[in-house]
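In: My questions are about this predicted structure, shown below with the sequence.
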Amino acid sequence: MAEFIEITDPDDPRLADYRDLRDVELRKHLESEHGLFLAEGEKVVRRAVEAGFEARSFLMAPKWLDGLADLLDGSEAPCYVMSEQLAERVTGFHVHRGALASLSRRPLPTVEDVLAGARSVLVLEDLVDHTNVGAILRSGAALGFDGVLLAPRCADPLYRRSIKVAMGAVFSLPWTRLPDWYDALPMLSAAGFTTVALTLADDATEIETAVAGVERVALVLGSEGHGLSPRWETSADRRAIIPMSAGIDSLNVAAATAVACYVTSRR
């Protein structure tokens with residue numbers, strides 16, 4: 001059972017995992033160095049623990065203790081209890097959902113493990129916005145995709161904002177990082193996947209046509225700004241487009257992914 005510790009000093013050293021949550025670069029360094037990530041909100045904290053991630057500690061306002069009582073009963077991690085006002089001083093933002101947890105990261109699965117038995121996967125190149133990465137994982141999980149592969153420079157799916165936007169989908173949808181950016185798509189083709197790149201290339205066909213009759217498909221999405229690199233665009237087996245009305249050339253990458261996942265799931 002968790003030990004409940006009331007905190008009144010925002011500078012208490014035991015709160016180190018929760019400091020300066022708005023400072024992205026600082027958090028990247030801290031979380032990587034200590035092998036941790038943060039979950040925010042009752043539902044997300046619950047989903048993280050139920051997915052098997054080990055809690056280092058919890059930080060909660062008193063009114064959230066009852067809602068997570070069963071989870072805390074089954075954990076040996078300390079639970080730091082403080083007012084929402086004090087939590088805001090520690091974290092740097094208003095913790096309006098009242099509950100935070102610091103959890104230990106696990107080793108990422110191999111690419112082969114993510115692909116084993118998969119029929120539909122998402123492949124992301126250089127998406128650096130945590131919100132977009134979280135939204136894409138949420139769409140993939142909701143629409144029946146089996147896994148996600150991320151190029152080395154993609155944003156961290158276990159960053160707090162990614163997790164929050166994904167509503168915990170990062171804990172249920174298998175994902176990992178690609179060790180080899182250059183030959184990632186030929187590797188997927190060799191593994192039996194048809195790689196379909198979403199792009200405005202001249203030879204792109206409508207997404208419905210591009211995925212029709214494909215048994216194992218890998219949808220390939222590029223960065224928020226310039227889209228896919230020339231290497232990934234040309235090494236994909238097929239190029240696809242979501243037709244737009246006059247005057248609009250494309251959707252935000254997260255919205256485009258949702259549309260493409262829906263169409264692909266119905267192929």
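Out: Here it is on my side, so go on.

In: which SSE is the nearest residue to Phe53 once chain neighbours are set aside in?
Out: Nearest non-adjacent residue to Phe53, counting by C-beta to C-beta, 6 or more residues apart in numbering: Leu103, 4.3 Å away. The C-beta positions use only the backbone N, C-alpha and C, and glycine is treated the same way. For Leu103, the enclosing helix or strand under DSSP states H and E is strand 99-104.

In: Repeat that for Ser189.
Out: Here Ser189 is covered by helix 184-190, with elements defined by DSSP H and E.

In: Identify the residues contacting that helix?
Out: Identification of contacts with helix 184-190 by C-beta atoms under 8 Å, 6 or more residues apart in numbering yields 111, 115, 121, 123, 149, 151, 178, 180, 195, 197, 218, 220, 232, 235-237.

In: quick one: average confidence on that helix?
Out: Over the span of helix 184-190, the pLDDT mean works out to 98.

In: and the following helix or strand past it, which strands flank it?
Out: Going down the chain from helix 184-190, the next helix or strand is strand 194-198, by DSSP H and E. When sheet partners are counted by DSSP bridges, strand 194-198 sits next to strand 217-221 (parallel), strand 238-241 (parallel).

In: Do a quick rundown of the helices in the stretch 101-250 of the chain.
Out: 111-115, 130-142, 160-166, 169-172, 184-190, 207-211, 230-235 (DSSP state H, counting those that start in this stretch).

In: For Thr264, which of those helices is the nearest?
Out: helix 207-211 (4.8 Å; C-beta to C-beta).

In: nearest residue to the residue nearest the centre of the chain other than its sequence neighbours?
Out: Relative to the mean C-alpha position of the chain, the nearest C-alpha, by C-alpha atoms, centre = their mean, is the one of Pro157, at 3.1 Å. Leaving aside its chain neighbours, Pro157 sits nearest to Val170 (4.6 Å; criterion: C-beta to C-beta, 6+ apart).

In: now Val114
Out: In space, Val114 comes closest to Gly147 once its chain neighbours are excluded; the distance is 4.1 Å by C-beta to C-beta, 6+ apart.

In: Residue ranges of each domain in this structure, please.
Out: Recorded structural domains for the chain (assignment: automatic domain parsing) are 4-104, 111-265.

In: any idea which of these is most buried?
Out: Highest mean neighbour count of the domains of the chain: domain 111-265, a mean of 19 (counted as mean count of other C-beta atoms under 10 Å).

In: distance between the ends of it?
Out: The first residue of domain 111-265 is 22 Å away from its last residue (C-alpha to C-alpha, to the nearest Å).
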